[in-house]
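# Build me a structure from this.
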Amino acid sequence: MTETLSAIGAVFLAFLAAVGGLARFAVQALAAAASPPYFPRLIARQVLYIGYYSLPVVGLTALFTGMVLALQSYTGFSRFNAQSAVATVVVLSMTRELGPVIASLMVAGRVGAAMAAEIGTMRVTEQIDALTTLSTDPLRYLVLPRLIAGLVTLPVLVLIADIVGVFGGFLVGTYKLEFNPVAYLTQTEQYLETMDVVSGLVKAAVFGFLIALMGCYHGYHSRGGAEGVGQATTHAVVSASILILIFNYALTQAFFSR
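Here you go, the predicted model:
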């Protein structure tokens, strides 16, 4: 019994140490924004990399998510003669939940892994140590631009994903399910509120920050050569995906609880 409790306690303490290290890393990186230099070119480069180059995969995922959502909603609602609610379900589901979550998970798989691999390679090849030797703060130069880019870019990507996803539902609803196009658009606009869109964009900003934070954190603390970089990449994607789901519930509770 004592050995079991000791093992559980060791795991719990290791978890607390990891959370504390992550929080300290985030605070130190954000504290670097209090004074110049800010490296705007690096921020612009990360915005381009995270945002523009992620558009194809995010758009394609959102399109087929909206199409499948329309089909599944119609199949379920037809049992209760409530087919007219398909447009409402598609737009609310995309703006509130599926748009932010699906887009963020795709970006986490694409961008989070790349960040961890890039910074991890710099760590194991001692390039980060060289930056410190040259009196350049690695957190300010490597981490802060990625955090800012993730925070700014994800809401734009999610807004585009919302539009594309609703358009996919519109295509299926009008051409496959034979809804009247005007009635479908009217139903979509009638029940969509500002808070539905705003809540999704706030979620996207938080998710973007988490994706960049986990990618930078695991890459920055990677050890052990190529194997360590591979592990950092895996840990960055998995931890970012888990945090996205956890914070999605917390933010949904905060926005829509009664």
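# show me the contacts for the residue positioned nearest the centre of the chain.
Within the chain, the residue whose C-alpha comes closest to the C-alpha centroid is Ser104; the distance, by C-alpha atoms, centre = their mean, is 2.8 Å. Shown in contact with Ser104 (C-beta atoms under 8 Å, 6 or more residues apart in numbering): Leu154, Val158, Lys203, Ala204, Phe207, Gly208, Ile211, Ile244. (C-beta placed from N, C-alpha, C; glycine too.)
# Dump the residues you listed into CSV; add secondary structure, neighbour count and distance to Ala87 as well.
Output for the contacts of Ser104, formatted as CSV (DSSP: H, G, I helix; E, B strand; the rest coil; neighbours: other C-beta atoms under 10 Å; distance: C-beta to C-beta, whole Å):
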residue, secondary structure, neighbour count, distance to Ala87
Leu154, helix, 31, 26
Val158, helix, 31, 20
Lys203, helix, 27, 22
Ala204, helix, 27, 23
Phe207, helix, 30, 26
Gly208, helix, 32, 29
Ile211, helix, 33, 31
Ile244, helix, 22, 27
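# how many other residues sit next to Val19?
Other residues near Val19 come to 10 when the count uses other C-beta atoms under 10 Å.
# so where is this structure shaky, pLDDT-wise?
Residue ranges of the chain with pLDDT under 70: 1, 258.
# What segments of it are helices?
In order along the chain, the chain carries the following helices (DSSP state H): 2-31, 40-50, 55-77, 86-93, 99-107, 113-124, 127-133, 138, 144-171, 181-191, 194-220, 225-256.
# ok, and which of these has the densest surroundings?
For the helices of the chain, the largest average neighbour count (mean count of other C-beta atoms under 10 Å) is found in helix 99-107, namely a mean of 26.
# Could you tell me the angle between that helix and helix 40-50?
Inter-element angle recorded for helix 99-107 and helix 40-50: 100 degrees (by axes from the mean of the first three to the mean of the last three C-alpha atoms, to 10 degrees).
# For helix 99-107, list the C-alpha coordinates in CSV.
As requested, the backbone C-alpha atoms of helix 99-107 are provided in CSV (Å, rounded to 0.1, in the frame of the first residue of the first chain):
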residue,chain,number,x,y,z
GLY,A,99,-15.3,25.6,-36.4
PRO,A,100,-13.0,26.5,-33.6
VAL,A,101,-12.3,22.9,-32.5
ILE,A,102,-11.7,21.3,-35.9
ALA,A,103,-9.7,24.1,-37.2
SER,A,104,-7.5,24.3,-34.1
LEU,A,105,-6.9,20.5,-34.1
MET,A,106,-5.8,20.7,-37.7
VAL,A,107,-3.5,23.6,-37.0
